[in-house]
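Engineer: give me coordinates for this.
(2 chains, ligands or ions: 2)
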Amino acid sequence: MSAAHPIRVLVAKAGLDGHDRGAKVVAAAFRDAGFEVVYTGLRQSPEMIVDAAIQEDVDVIGISIHSGAHMTIFPRVLELLRETDAGHIVLCGGGIIPPKDAEALKAMGVGALFGPGTPLSELSGWIRDEVGRVRAGHSA
Amino acid sequence: MGSDPRARQIAKGDRRVLARALTQAENGSGDIDLLLAAIEHGTAHRVGITGAPGVGKSTLVSALTRAWRAQDRKVGILAVDPSSPFTGGALLGDRVRMVEHTGDEGVFIRSLATRGALGGLAPGVYDAADLLDAGGFDPVVIETVGVGQAELEICRAADTTVLVLAPGAGDEVQGMKAGLLEAADVLVVNQADRDGAQALATALEAALDLRQADRPRPPVLLTTATAAKGIDALCDVLDERARDADGALADRRVERAAARVRAALYRRLDHYVEGRGAELAAAAARIAAGESTAAVEAELLMDDYE
Ligand SMILES: Nc1nc2c(ncn2[C@@H]2O[C@H](COP(=O)(O)OP(=O)(O)OP(=O)(O)O)[C@@H](O)[C@H]2O)c(=O)[nH]1
Ligand SMILES: [Mg+2]
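Structural biologist: Ligands and ions are numbered 1, 2, ... in the order given. Model (predicted):
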């Protein structure tokens, strides 16, 4: 039954660099994929991202990072999600992330990381699969 | 009323439980009706903020929230944006303008999509406002984009409806949708820092002069949300409304309750009809064969209704 409800995704831009065109393009693509996208804007700290995600009760958090701060931001978001008993929220991200860092982050619990130029349909497809799995697990 | 452990958790300020309950209200799922029967139904002032896209509604809500927080009041915000009729998806972007309140335990912001609801407001919005009220948030603000019938529907969901306009946003008074001025309790000309704001306010006053005085005349206020100008005056007007010296709010709440019972009844009847496929088909066959009429068959089916 709950599978019929739209997937809710929070899209945030973390870090200090001041443009969010990429994040907005992704947000629009997610809307077109049938998701309800909560867009939170620029310069979001891990604390802000998790607080918003809790209020919005989203299935997924997608963070765009281009400032190189990924090794601090993603682990902190994961930590806060666990602290607030929201570990079921799927975390993914996009940006320029070296393969070695990406491996480390995935080992910590980041679901997926997408490099620049990844087809947007691949992102939304991955999210649909992942949320389907989580929702199936919950009702089981 | 019923008992439900979540009701106490929400009253105590558990934001996770509140957030989950809001999702259930939105989805109309599971045992949300039990929870709604168990929570404390208070009298939080429900303030509807509506107006054309981009006039500054979210910026205004954020500025109002800042003022209310300075008075130590907890503020609940429901920000409604339209779903795409084609994909069902939605871009909910109001938080961007309210980001200063992220992390403040005294503010709870939830973005909701219309999900194809007639009139622009899903029934879940009424229940969501109840839940925020039970969480101790007062006022509860409901922001909706004024397209289609949404601005009229908001009047039913809210105790007080604020119509926000801006110079040059296509808000020429002559072309204004019928009923819109009548529906609003407060008129705000935002972006007062821009040319034409005073002229728009004057034109609004002139239009109000012409209408029948069967309802109290809404005040016209000028604000510059980005500079927090005019916000205190708007707060004062809203507080005055909340005090409800003339009983208008109490009347509004009774009207809203009546509308909600009616909607709940229609939903149940809908449900009943949906579940009677076989009987409906048989009835249709009889009618087609000239043995019966729609009215007779409906009468028979109603006899069967519980
Ligand atoms: N000059 C000026 N700009 C304003 C004022 N208030 C808001 N804005 C700007 O108007 C734009 C739209 O503001 P929002 O608050 O997002 O408007 P909105 O009505 O909520 O928009 P939607 O939710 O998309 O319908 C933003 O760029 C704001 O900074 C104001 O008082 N003066
Ligand atoms: Mg807005």
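Engineer: for chain B, where's the lowest mean pLDDT among helices and strands?
Structural biologist: helix B:150-157 (a mean of 73; mean pLDDT, DSSP states H and E).
Engineer: what lies in contact with that helix?
Structural biologist: Outside helix B:150-157, the residues within contact range by CB atoms under 8 Å, 6 or more residues apart in numbering or on different chains are B:46, B:48, B:50-51, B:80, B:114, B:119-121, B:125-126, B:129, B:142, B:144, B:161, B:163, B:177, B:179-180, B:183-184, B:255-256, B:259. Backbone N, C-alpha and C define where each C-beta goes, glycine included.
Engineer: and those, which are buried?
Structural biologist: Among the contacts of helix B:150-157, those buried by neighbour count (16 or more other CB atoms under 10 Å in any protein chain shown) are B:46, B:48, B:50-51, B:80, B:114, B:119-121, B:125-126, B:129, B:142, B:144, B:161, B:163, B:180, B:183-184, B:256.
Engineer: list the ones among these that fall in strands.
Structural biologist: B:46, B:48, B:50-51, B:80, B:142, B:144, B:161, B:163 (DSSP state E).
Engineer: farthest-separated two in those?
Structural biologist: Spatially, the most separated pair among these is B:46 and B:51, at 16.9 Å (CB to CB).
Engineer: the longest helix seen in chain A and chain B in contact?
Structural biologist: If you go by DSSP state H, chain A has its longest helix at helix A:120-139. No - figure legend: helix A:120-139 not in contact with chain B (CB under 8 Å from any CB of the partner chain); closest approach 9.7 Å.
Engineer: now that helix, how far from the centre of its chain.
Structural biologist: Chain-centre distance of helix A:120-139: 12 Å, with CA atoms, centre = their mean, to the nearest Å.
Engineer: can you give the contact residues for that helix?
Structural biologist: A:2-3, A:7, A:9, A:25-26, A:29-30, A:33, A:35, A:59-60, A:62, A:88, A:90, A:92, A:94, A:111-112, A:114.
Engineer: go again with 6 Å.
Structural biologist: The contact list for helix A:120-139 (CB atoms under 6 Å, 6 or more residues apart in numbering or on different chains) reads A:3, A:7, A:29, A:33, A:59-60, A:88, A:90, A:111-112, A:114.
Engineer: among these, name the buried ones.
Structural biologist: Here, 16+ other CB under 10 Å leaves A:7, A:29, A:33, A:59-60, A:90, A:111-112, A:114 buried among the contacts of helix A:120-139.
Engineer: of those residues, which are in range of ligand 2?
Structural biologist: Near ligand 2, taking CB under 5 Å from the ion as the test, no member of the buried ones among the contacts of helix A:120-139 is found.
Engineer: among those residues, name the ones in strands.
Structural biologist: Using DSSP E, the buried ones among the contacts of helix A:120-139 in strands are A:60, A:90, A:112, A:114.
Engineer: neighbours around residue 18, how many?
Structural biologist: Unless you meant another one, I'm taking chain A. 8 (other CB atoms under 10 Å in any protein chain shown).
Engineer: oops, chain B please
Structural biologist: 26.
Engineer: tell me how far it lies from residue B:98.
Structural biologist: Using CB to CB, to the nearest Å, we find residue B:18 at a distance of 17 Å from residue B:98.
Engineer: what's the spacing between the strand or helix carrying residue A:50 and its chain's center?
Structural biologist: Counting by DSSP states H and E, the element that carries residue A:50 is helix A:46-56. A distance of 11 Å separates the centroid of the chain from that of helix A:46-56, by CA atoms, centre = their mean.
Engineer: which parts of it are buried?
Structural biologist: A:46, A:48-56.
Engineer: as a whole number, average confidence for the longest helix of chain A?
Structural biologist: Helix A:120-139 comes out with an average pLDDT of 90.
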